[in-house]
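Chemist: Predicted structure and sequence below. I'll ask about it afterward.
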Amino acid sequence: MTDTFEQFQAACRRRVDESMKRCLDAADFPCPGLEEAIRHVLLAGGKRVRPLLVYAGCHALGGDFEDADAAACAVEFIHVYSLVHDDLPALDDDDLRRGRPSLHKAFDEATAILAGDALQTMAFEILSRPHAGKGDRLRMTHELTRAAGPAGMVGGQVRDLAADGRRISLEELETTHLLKTGALIQASVLLGALSTDRATPAQLERLREYARNIGLAFQIQDDILDEVSDTGTLGKPQGSDRDGDKATYVALLGLDSARARAAQLATSAAGALGEFGANADPLRHLAEYIVERVN
């Protein structure tokens, strides 16, 4: 990692956090309890990888970050909604998230379900609002809805649950995680590029290839960290995948092979950016960051 990339990373985190706060301040909440729950979970920190990818995709094409703010907020709202619902007893049944009690523990299950629903719909309100920036907002909305729905994140979650307690092939596992984790990561990069109103079809295809690779690498690193890290560092229960008999890359390949696969994917991701100039360096560094992160 370079100092320049770390500065870019910190600036993007500050930017999306400030943008999300403005979205919440402007939102219509006739029910204060719901607003409190949403602020509890949305503003609890986190890596903000998906907004970072939005801004990096925008930067790769020389775009203006102001035009990418709505997309950066929208993808993080979708991501946080998915975490809230994943933590519920009916799914992963996790009590801890980002070092704090999961939303259904801090409040109750009904509030967590409804807060997740609200976050999901607010994402599309933010992305589709008038004067949200340049770019084809209809296409951006289509990319995000597809990534979040049955052809993406939700479909991947269903596949993941169906795989609990049974041995599956590497191909099945990668398909699951391309949907569960990779689809929203792909959408994040593409929304950033589309926010510039400059992306050519060829550039979008190369960015999609980049994002496909880092999406899988991200999930593999998650599986590795669940095995080797600790609860304090992760901010969520360590070993929950193993305890829940989840299908993971570590369980299927072993730790060393999982690490090698993640590194290979990061290298392939960087290779997909060959035609892009220095403006794509944040994307290149993000590929490296994803397989080196410790939480």
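Modeler: All right, it came through fine. Residues are numbered from 1 along each chain as shown.
Chemist: buried stuff in the lengthiest helix in the chain?
Modeler: With residue count as the measure and DSSP state H as the assignment, the chain has helix 201-228 as its longest helix. Burial within helix 201-228, assessed by neighbour count using 16 or more other CB atoms under 10 Å, is assigned to 203-204, 206-208, 210-227. The C-beta positions use only the backbone N, C-alpha and C, and glycine is treated the same way.
Chemist: cool, and stretch 57-74?
Modeler: Neighbour-count burial for stretch 57-74, counted by 16+ other CB under 10 Å, picks out 57-61, 63, 65, 67-74.
Chemist: Which of the three states applies to the most centrally placed residue in the chain?
Modeler: The geometric centre of the chain, computed from its C-alpha atoms, lies nearest to residue 50 (CA atoms, centre = their mean), at 4.4 Å. When classified by DSSP: H, G, I helix; E, B strand; the rest coil, residue 50 comes out as helix.
Chemist: Pretty sure it sits against residue 74.
Modeler: No - counting by CB atoms under 8 Å, no contact exists between residue 50 and residue 74, whose distance comes to 9.5 Å.
Chemist: Let me see the residues that make contact with stretch 5-25.
Modeler: Contacts made with stretch 5-25 from outside it, assessed by CB atoms under 8 Å, 6 or more residues apart in numbering, are listed as 35, 38-39, 42-43, 48, 51-52, 55-56, 59, 65, 69-70, 72-73, 76-77, 122, 126, 281-282, 285, 289.
Chemist: how far out from the middle of the chain is the longest helix of the chain?
Modeler: Using CA atoms, centre = their mean, to the nearest Å, the distance from the centre of helix 201-228 to the centre of the chain it belongs to is 10 Å.
Chemist: circling back to that earlier point, residues contacting the residue nearest to the centre of the chain?
Modeler: The contact partners of residue 50, by CB under 8 Å, 6+ apart, come to 72, 75-76, 79, 184-185, 188.
Chemist: and which of the residues you listed is nearest to residue 253?
Modeler: Compare each of those with residue 253 using CB to CB and the shortest gap goes to residue 185, at 20.7 Å.
Chemist: count of neighbours near the closest one?
Modeler: Here the number of neighbours of residue 185 (other CB atoms under 10 Å) works out to 27.
Chemist: please begin residue numbering at 439 from this point
Modeler: Yep, numbering from 439; the last one is residue 623 now.
Chemist: I'd say it and residue 652 touch.
Modeler: Yes - using CB under 8 Å, residue 623 is in contact with residue 652, at 6.3 Å.
Chemist: looking at it, residue 558 is touching residue 516, isn't it?
Modeler: Yes - the pair residue 558 and residue 516 qualifies as a contact (CB under 8 Å) at a distance of 6.4 Å.
Chemist: overlap in contacts of those two?
Modeler: With contacts defined as CB under 8 Å, 6+ apart, the residues adjacent to both residue 558 and residue 516 are residue 586.
Chemist: Of the two, give the one with the bigger neighbour count.
Modeler: Set side by side, residue 558 and residue 516 show more neighbours around residue 516, with 25 against 17, by other CB under 10 Å.
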